[in-house]
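> pasting the sequence and the predicted model now:
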Amino acid sequence: MYCDDLSTRPTYRQRGYAGQLIDWMIAEARRLGCQQFHLDSGVGMDRHDAHRLYLTKRMNIWAHHFEMSL
C-alpha cells in the first residue's frame, strides 16, 4: 500500500491524528494482504516532527531523492 499524501493542519498537529491514521492504514494494508506500506516525505526543518512519527511507527528510510533546478 502506498500513502500518496498525508498532511495535518497546523492547528491540529501534535494531537495524535496522523499516528492514528497511519495505524489504520497499516491495519487496512494487512487486512487487504499487502506485504508493504510506503509513503514519501519531503525534507526540511519543518518536517522533523513528521519524520519522527514515521520512525516511531517503525518505518525505515530507504532512499533520498535528489533534484536540481535549472
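Structure's in. What do you need?
> got a list of what the residue nearest to T8 when sequence neighbours are not counted touches?
Among residues not flanking T8 along the chain, A18 sits closest, at 5.0 Å (Cβ to Cβ, 6 or more residues apart in numbering). C-beta: built from backbone N, CA, C; applies to glycine. A18 makes contact with L6, T8, A50, L53 under the criterion Cβ atoms under 8 Å, 6 or more residues apart in numbering.
> number of nearby residues for the last one?
Taking other Cβ atoms under 10 Å as the criterion, the count of residues near L53 is 18.
> which element is it on?
helix 48-56 (DSSP states H and E).
> can you list the residue ranges for helices in this protein?
17-31, 48-56 (DSSP state H).
> name the surrounding residues that touch the helix holding L53.
With contact meaning Cβ under 8 Å, 6+ apart, helix 48-56 is reached by L6, R13, Q14, A18, G19, I22, L39, S41, I61.
> mind putting the residues you listed into TSV with distance to E28?
Below are the contacts of helix 48-56 laid out as TSV (distance: Cβ to Cβ, whole Å):
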residue	distance to E28
L6	14
R13	23
Q14	24
A18	15
G19	15
I22	11
L39	14
S41	20
I61	23
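> which one of those residues is nearest to E67?
Distance to E67, by Cβ to Cβ, is smallest for S41 among these, at 15.0 Å.
> against W62, how distant is the closest one?
Distance of S41 to W62, computed by Cβ to Cβ, to the nearest Å: 12 Å.
> who has more neighbours, those two?
S41 (14 against 6).
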